[in-house]
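>>> Predicted coordinates and the sequence they were generated for:
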Amino acid sequence: SQYNLNVRMMDGVGPSDTTVFTNVNVHIEDIYEQPVMSNNSITVNEDALNNEIVFDLKDLITRIDITKSESDNLNYSILSGNSGETFKIGPLGTLLVNDKDKLDLETNGNFPRHNLGLRINDGTSDVDFSLDISTNNVYEALQVVDISFNVHDISPNGTIVGDVSDCITFIDYSRTIQDI
């Protein structure tokens, strides 16, 4: 950008002030500024499906150079924290579920947490940032099967014939046998 100014100057001396005019040209030079990204924390449900959108990484851009835009060719990559390739980056900077089984709390036996180290490249520079992802338990119904026990007809009262908890084939991570 360029601005042309006509400046009036007066010397302020005596009754006959001298007044002169001059032209001043101002050129504004664009200096590239790399993107500024914010770090964030999100939650994903354990029953998310493969290729389900978890988060739009463009939402973490807090500042981008005026010569760039979110629609420009911004490239994102996962640098660290993606154990088992649980997530992947899809088109236009969306973070997607890559392997839904890695999110399942009952299979994994704990609350998977991923602290992803990420990078954005705007064609000029790389900027690293992070996204902390925790997994939300989604209640799943108890699953049982029929079972049978055999006991002798001469067994005394109070004889333990079996454990009914053996009929449970699936219990939600948030529950225990004692809850039932």
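Good, I have the coordinates. All values derive from a computational prediction rather than experimental measurement.
>>> Show me where the protein has its strands.
2-10, 19-27, 36-37, 40-45, 53-56, 61-63, 75-80, 87-89, 94-97, 113-121, 126-136, 143-144, 168-170 (DSSP state E).
>>> Make TSV out of the ones you listed and add distance to residue 153.
Bear in mind the C-beta positions are built from the backbone N, C-alpha and C, glycine included. TSV is the format used below for these (distance: least, Cβ to Cβ, whole Å):
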stretch	distance to residue 153
strand 2-10	105
strand 19-27	105
strand 36-37	74
strand 40-45	52
strand 53-56	60
strand 61-63	76
strand 75-80	65
strand 87-89	60
strand 94-97	56
strand 113-121	55
strand 126-136	51
strand 143-144	27
strand 168-170	28
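>>> So which of these is nearest residue 156?
Smallest distance to residue 156 across the strands of the chain (Cβ to Cβ): 27.9 Å, for strand 168-170.
>>> I'd like the average pLDDT over that closest one.
Throughout strand 168-170, pLDDT has a mean value of 62.
>>> ok so, going back, would you list the strands of the chain in JSON lines and tack on mean neighbour count?
Formatted as JSON lines, the strands of the chain follow (neighbours: other Cβ atoms under 10 Å):
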{"stretch": "strand 2-10", "mean neighbour count": "9"}
{"stretch": "strand 19-27", "mean neighbour count": "9"}
{"stretch": "strand 36-37", "mean neighbour count": "17"}
{"stretch": "strand 40-45", "mean neighbour count": "14"}
{"stretch": "strand 53-56", "mean neighbour count": "16"}
{"stretch": "strand 61-63", "mean neighbour count": "13"}
{"stretch": "strand 75-80", "mean neighbour count": "14"}
{"stretch": "strand 87-89", "mean neighbour count": "20"}
{"stretch": "strand 94-97", "mean neighbour count": "20"}
{"stretch": "strand 113-121", "mean neighbour count": "17"}
{"stretch": "strand 126-136", "mean neighbour count": "17"}
{"stretch": "strand 143-144", "mean neighbour count": "13"}
{"stretch": "strand 168-170", "mean neighbour count": "12"}
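>>> Pick out the shakiest of the ones you listed, pLDDT-wise.
Of all the strands of the chain, strand 168-170 has the smallest average pLDDT, which comes to a mean of 62.
>>> which non-adjacent residue is nearest residue 54?
Of all residues not flanking residue 54 in the chain, residue 95 sits nearest, at 4.7 Å (Cβ to Cβ, 6 or more residues apart in numbering).
>>> how much space between the one you found and residue 122?
Noted for residue 95: a distance of 18 Å to residue 122, by Cβ to Cβ, to the nearest Å.
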